[in-house]
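Q: Quick check, what structure comes out for this input:
(one chain, ligands or ions: 1)
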Amino acid sequence: MSKLPTSTDLIHHPYEAPGGFHSVMPGVHKASTVIFENTAALRARQWKDKSGYTYGLHGTPTTFILEERLATLEGGLQTVLAPSGLSAIALVDMALLKAGDEVLIPDNAYGPNKELALHELAAWGITHRFYDPLRADLLADLITPQTRLLWLEAAGSVTLEFPDLIGLLKVARAHPKITVALDNTWGAGLAFSAFELDPGEGLPKGVDVSIHALTKYPSGGADVLMGSVVTRDDALHQQIKLTHMRMGLGVGGNDVEAILRGLPSLPLRYAAHDAATRQVAQWLAQRSEFSQVLHPALPQSPGHAHWAQIGGAAGGLVSVILASRYAREQVDAFVDALKLFKIGYSWGGPVSLAVPYQLKHMRALEGAPQGTLVRLAIGLERVEDLLADLDQALSVLPA
Ligand SMILES: *Cc1c(COP(=O)(O)O)cnc(C)c1O
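A: Predicted coordinates for the structure are as follows:
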């Protein structure tokens, strides 16, 4: 009787494929367990840098490659990967804040960043203040000896005001204990250089931390969630990496592969989103249904001058505030009448998206925009087709 194979034969198979295989895409390495050569190697394990491998949570060749490419994209030196953009924000908060500290967050920030401060951080004895990102002149008065972290976001998630990044940075740099973190998802490393922003007066250039929801433009597929935290100071990176390790934040090899797949075409896609969105914004600005069209490259959009000061590109988002004569139900009917634009959150994928917002409950500060807003994320469809879709959907609104 011939010998039948055992599970051991199949698990401990002696064949090894030859080395020297090269392809366009890096290999997808997946591991929880990493196998050590011997006990000495196990004891000498080192997860703090990329000199070796320890455990899946601490990196594989595939995650190391993505980390290095993202550091290049953002103009930083080190990267930590997180399971979503929001977890990257939370990681920065957890690494840098402790009970008694205060964090400053722009009033137009990505909503969940504010929610995190209002609920989780508050419960841990960390206070927050929301500030007007267009008014760097008011920031100094909000800073106290407890202020440890300043969040920036350019442009604001829904209302797209472009903050006075240079002015805010200049104020923050007068306080060496304040770390400056930017949510760079909109700019994607391509609209402006986060680590080169120059506050002048011989002050250090750039932000300290840049987080990026890779979910958006780097993925480009609307089918994967991931975030990154890029720094260019080794001590700060180590602090964030330690918290990352203690929190057990990891990413899956297949998800990393999806981001690596999207990355080479990122600049081309970003430019296409940008060009199409400017065309849509110009078209929307001619219509009578809106009291305001929000897009950083439009001269009448809040913060346009701040954008023009540092910017070149403007991403794929444009928001409209509907004229006050329209009831919320009418605005919903406009959004429901869209055919190519789908209703859904996020952006950076091929499909254009629309989301209506009631601004009333979104802001803490007085003087913030009011009314009903529709945010459009422009995908990669032909612009003429998107304009025709907007045109037919707007016909449900009475003039
Ligand atoms: C989407 C987004 C995030 C969060 O990213 P997720 O991967 O969806 O958690 C953070 N900041 C901004 C500006 C975003 O648009």
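Q: ok, Tyr110 - contacts?
A: By Cβ atoms under 8 Å, 6 or more residues apart in numbering, the contact set of Tyr110 is 86, 89, 153, 157, 183, 185. Bear in mind the C-beta positions are built from the backbone N, C-alpha and C, glycine included.
Q: now do 7 Å
A: Listed by Cβ atoms under 7 Å, 6 or more residues apart in numbering, the contact set of Tyr110 reads 153, 157, 183.
Q: Among those residues, which ones are in helices?
A: Judged by DSSP state H, helices contain none of the contacts of Tyr110.
Q: how about these in TSV, adding neighbour count, pLDDT and distance to Gln358?
A: Listed next are the contacts of Tyr110 as TSV, based on neighbours: other Cβ atoms under 10 Å; pLDDT from 0 to 100; distance: Cβ to Cβ, whole Å:
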residue	neighbour count	pLDDT	distance to Gln358
Glu153	25	98	20
Ser157	22	89	15
Asp183	27	98	23
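Q: out of these, which one sits closest to Val171?
A: Taking Cβ to Cβ as the measure, Val171 lies nearest Glu153 of those, at 16.1 Å.
Q: Show me the beta-bridge partners of the residue lying closest to the closest one once chain neighbours are set aside.
A: Nearest residue to Glu153, sequence neighbours excluded (Cβ to Cβ, 6 or more residues apart in numbering): Asp183, at 4.2 Å. Assessed by DSSP bridges, Asp183 has beta-bridge partners Glu153, Ile211.
Q: Going by distance to Arg43, which of the contacts of Tyr110 wins?
A: Taking those together and measuring to Arg43 by Cβ to Cβ, the closest member is Asp183, at 40.0 Å.
Q: Quick one: residues contacting the closest one.
A: Asp183 touches 89, 110, 113, 151, 153, 211, counting by Cβ under 7 Å, 6+ apart.
Q: okay, the second one: pLDDT?
A: pLDDT, Tyr110: 97.
Q: re earlier: among the contacts of Tyr110, which are within reach of the ligand?
A: Contacts with the ligand within the contacts of Tyr110, as defined by Cβ under 6 Å from any ligand atom: 157, 183.
Q: The contacts of Tyr110 into CSV, with extra columns for distance to Arg45?
A: As requested, the contacts of Tyr110 are exported to CSV (distance: Cβ to Cβ, whole Å):
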residue, distance to Arg45
Glu153, 38
Ser157, 40
Asp183, 34
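Q: nearest to Leu376, of the contacts of Tyr110?
A: Ser157 (13.3 Å).
Q: contacting residues for the closest one?
A: Counting by Cβ under 7 Å, 6+ apart, Ser157 has contacts 108-111.
Q: how far away is it from Gln309?
A: 21 Å (Cβ to Cβ, to the nearest Å).
Q: sorry, back to before: name the nearest of the contacts of Tyr110 relative to Ala41.
A: Set against Ala41, the nearest of the contacts of Tyr110 by Cβ to Cβ is Asp183 (39.4 Å).
Q: I'd like the distance between the closest one and Asn113.
A: Distance of Asp183 to Asn113, given as Cβ to Cβ: 7 Å.
Q: Now do the shared contacts for the two.
A: With Cβ under 7 Å, 6+ apart as the test, Asp183 and Asn113 both reach 89, 151.
Q: Name the nearest residue to the residue in the chain that the ligand sits nearest to, sequence neighbours excluded.
A: Nearest residue of the chain to the ligand, counting by Cβ to the nearest ligand atom: Gly85, 2.3 Å away. In space, and not counting its chain neighbours, Gly85 is closest to Ala213: 2.5 Å by Cβ to Cβ, 6+ apart.
Q: Neighbours of that neighbour, how many?
A: 28 (other Cβ atoms under 10 Å).
Q: What residues does it make contact with?
A: Counted by Cβ under 7 Å, 6+ apart, Ala213 has contacts 85, 185, 227.
Q: switch the cut-off to 10 Å
A: Remark: with contacts taken as Cβ atoms under 10 Å, 6 or more residues apart in numbering, Ala213 is in contact with 82, 84-89, 110, 183-186, 188, 219, 225-228, 346-348.
Q: swap in Gly59?
A: Neighbour list for Gly59: 29, 31, 34, 47, 49-50, 52-53, 66-67, 80-81, 250-251 [criterion: Cβ under 10 Å, 6+ apart].
Q: what's the lowest-pLDDT member of those?
A: Lowest pLDDT within those is found at Trp47 (75).
Q: gap between that one and Asn184?
A: Using Cβ to Cβ, we find Trp47 at a distance of 26 Å from Asn184.
Q: And those two? Which one has more around it.
A: Shown here are Trp47 and Asn184; by other Cβ under 10 Å, Asn184 has more neighbours (27 against 16).
Q: Look up the pLDDT of the closest residue to Arg261 other than its chain neighbours for me, please.
A: Leaving out its chain neighbours, the residue that sits closest to Arg261 by Cβ to Cβ, 6+ apart is Met25, at 6.7 Å. With respect to pLDDT, Met25 has a value of 95.
Q: Give me every residue in this structure lying close to the ligand.
A: Contact residues, the chain versus the ligand (Cβ under 6 Å from any ligand atom): 84-86, 110, 157, 183, 185-186, 213, 215-216, 225, 227, 346.
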